[in-house]
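Colleague: Fold the stuff below for me.
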Amino acid sequence: MKKQEQNTFESMLERVDEITRALEDPVTTVEEGIKLFEEGVRLSAACKAKLDEASGKITELKGELDNLKKSDFKAEDR
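Modeller: Numbering: from 1, shown residues only. Below you'll find the model as predicted:
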């Protein structure tokens, strides 16, 4: 997997799914499980950060849209 592909929300979420399956597999050792769990926690935090970023962007864009609607309304009033 390319470096850029590794940083997409979808690729990180896919890796979390892989980790979950590995943790559920009875052949996974405790040591492997701890490493996988640690990776999963880091990926989950990165996914949350990307979702927070997306949410902020959406809020910003909605604000811009509201401002456009208000300015259109005022222009029509004249």
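
Colleague: The helix ranked longest in the chain: how far from the chain's middle?
Modeller: Secondary structure of the chain per DSSP state H: the longest helix is helix 30-77. Computed by Cα atoms, centre = their mean, to the nearest Å, the chain-centroid distance of helix 30-77 equals 8 Å.

Colleague: Determine the set of other helices and strands touching that helix.
Modeller: Applying 3 or more Cβ pairs under 8 Å, 6 or more residues apart in numbering; DSSP states H and E, one finds that helix 30-77 makes contact with helix 9-24. Every residue, glycine included, has its C-beta placed from N, CA and C.

Colleague: so what's the residue nearest to R15 when sequence neighbours are not counted up against?
Modeller: Of all residues not flanking R15 in the chain, L43 sits nearest, at 5.8 Å (Cβ to Cβ, 6 or more residues apart in numbering). Applying Cβ atoms under 8 Å, 6 or more residues apart in numbering to L43 gives the contacts M12, L13, R15, V16, I19.

Colleague: quick one: which of these has the most company?
Modeller: Ranked by the number of neighbours (other Cβ atoms under 10 Å), those place I19 first, at 21 neighbours.

Colleague: Count the neighbours of the residue nearest to that one when sequence neighbours are not counted for me.
Modeller: Leaving aside its sequence neighbours, I19 sits nearest to G40 (Cβ to Cβ, 6+ apart; 4.4 Å). G40 has 18 neighbouring residues, counting by other Cβ under 10 Å.

Colleague: V16 is in contact with G40, correct?
Modeller: Yes: between G40 and V16 there is a contact at 5.6 Å, judged by Cβ atoms under 8 Å.
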